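S.K.: pasting the sequence and the predicted model now:
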Amino acid sequence: MTSSEGNSISSQPKEETKNVSKQGTVAAALSGSVSGAIISTCVQPLDVVRTRMQADATKNAFSGMLGTFRSIVSEEGVRALWRGTGPTIARLSVGLGIQMYVLESLKDAFYQRHLHLNDKQGQKLTKAEAFLAGGVARAAAAAATCPFTVVKTRMEYAGSRVQYTGTLSALRSISRVEGIGGLFRGLGPTILTNAPFSAFYYLFYTSLQDRMQQNGASKTVTNLTSGAVAAVCATLLTQPTDMLRTHMQLGLGRGGAALNVMDTWNAVVGGSMGYRALLVGALPRVVKRTMQTALVWTLYEELQPAFKQALQSASSRGQNYSGPAP
């Protein structure tokens with residue numbers, strides 16, 4: 001055997017490993033997009049209620065979760081509970097696709113590092129790695145989809161008072177009236193809400209998942225339970241920054257003026273409710289986040305292997321196909 005033949009043969013496993021890794025990250029992106037689009041539609045009413053509660057609290061009109069729900073339905077009808085579904089689907093399907101792609105890429109990088117260092121950790125993240133991977137992945141997704149978040153928040157609260165005929169119409173209208181900066185209003189609190197949420201979530205999720213699997217729990221039960229518990233803990237830890245995000249993106253300063261983070265903080269806690277205002281909307285947000293995150297990750301865990309297998313099958317068929325006979 002010649003030296004070139006030996007190098008060719010030895011490079012094949014590396015090339016195959018690289019292809020498998022790439023297929024895994026693409027499958028993760030597809031799985032995240034599909035699961036995000038499906039589940040977000042189901043839990044959208046909770047987001048509408050939460051946004052209304054947080055906005056009303058700054059006007060001293062807080063009426064609780066059930067009171068806000070009844071108010072929306074009686075004043076605007078049941079369909080109003082699904083306001084902002086378009087940008088929500090766009091935000092989550094695109095955002096979760098980006099998040100899962102970055103997450104899987106970071107996981108692969110950490111696994112390769114473990115292999116390079118002959119680390120016994122192997123195909124398992126440390127707590128610090130899980131926290132970092134979850135936070136960075138979500139920060140990238142939150143920054144990329146901030147314009148959809150702005151549109152979603154305004155459509156959920158403003159409804160018919162703002163004449164947005166759709167997501168694209170809203171994006172054009174905001175950029176024309178407020179400039180590109182208007183599409184990224186509240187970007188700081190958006191990242192400070194989403195990145196720590198996903199960092200804490202993924203840390204709690206992977207830790208609980210490992211513990212339950214060691215105790216022999218089934219895959220579906222493990223994913224649902226780990227997802228639900230992790231979502232509750234991460235949601236409560238990031239609630240104050242979510243209140244600030246909503247306030248900034250709705251332009252609830254005097255005359256709709258855009259406020260910075262500190263001015264927004266002072267406006268929120270300076271009202272009649274004081275620091276309690278930071279927790280307004282926590283209940284629907286906990287319910288929504290728990291349902292959405294647990295279901296999304298459960299569906300994601302089921303879809304990713306299927307997408308990965310389909311991509312590998314398609315790749316194998318492509319490699320075996322030599323073209324038409326001469």
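M.R.: Received it, and whenever you're ready, just let me know what you need.

S.K.: tell me the centre residue of this protein?
M.R.: Leu96 (5.3 Å; Cα atoms, centre = their mean).

S.K.: what sits against that one?
M.R.: 32-33, 35-36, 141, 296, 300 (Cβ atoms under 8 Å, 6 or more residues apart in numbering). For every residue, glycine as well, the C-beta is placed using N, CA and C.

S.K.: report the secondary structure state of it.
M.R.: helix (DSSP: H, G, I helix; E, B strand; the rest coil).

S.K.: tell me the confidence at it?
M.R.: pLDDT for Leu96: 81.

S.K.: please apply the same query to Ala282.
M.R.: Reading off the confidence values, Ala282 has pLDDT 90.

S.K.: wait, isn't it in contact with Leu236?
M.R.: Yes: using Cβ atoms under 8 Å, Ala282 makes contact with Leu236 at a distance of 6.9 Å.

S.K.: neighbour-wise, which of these two wins?
M.R.: Under the criterion of other Cβ atoms under 10 Å, the comparison of Ala282 against Leu236 puts Ala282 first, with 19 against 15.

S.K.: so how far is Arg276 from the more buried one?
M.R.: Going from Ala282 to Arg276 by Cβ to Cβ, to the nearest Å gives 10 Å.

S.K.: got it, and Gly166?
M.R.: From Gly166 across to Arg276, the span is 37 Å (Cβ to Cβ).

S.K.: could you redo the contacts of Leu96 as a markdown table and give each row pLDDT, distance to Arg52 and neighbour count?
M.R.: Formatted as a markdown table, the contacts of Leu96 follow (pLDDT from 0 to 100; distance: Cβ to Cβ, whole Å; neighbours: other Cβ atoms under 10 Å):
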| residue | pLDDT | distance to Arg52 | neighbour count |
| --- | --- | --- | --- |
| Gly32 | 77 | 28 | 30 |
| Ser33 | 80 | 28 | 23 |
| Ser35 | 81 | 27 | 26 |
| Gly36 | 77 | 23 | 27 |
| Ala141 | 94 | 25 | 28 |
| Val296 | 81 | 24 | 25 |
| Tyr300 | 81 | 29 | 23 |
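
S.K.: with distance to Asp108 added, can I get those in JSON lines?
M.R.: Output for the contacts of Leu96, formatted as JSON lines (distance: Cβ to Cβ, whole Å):
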{"residue": "Gly32", "distance to Asp108": "16"}
{"residue": "Ser33", "distance to Asp108": "19"}
{"residue": "Ser35", "distance to Asp108": "20"}
{"residue": "Gly36", "distance to Asp108": "21"}
{"residue": "Ala141", "distance to Asp108": "18"}
{"residue": "Val296", "distance to Asp108": "21"}
{"residue": "Tyr300", "distance to Asp108": "17"}
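
S.K.: state the distance from the residue nearest to the centre of the chain to Val102.
M.R.: When Leu96 is compared with Val102 (using Cβ to Cβ), they lie 11 Å apart.

S.K.: now for the two: what residues contact both?
M.R.: With Cβ under 8 Å, 6+ apart, Leu96 and Val102 have common neighbours Ala141.
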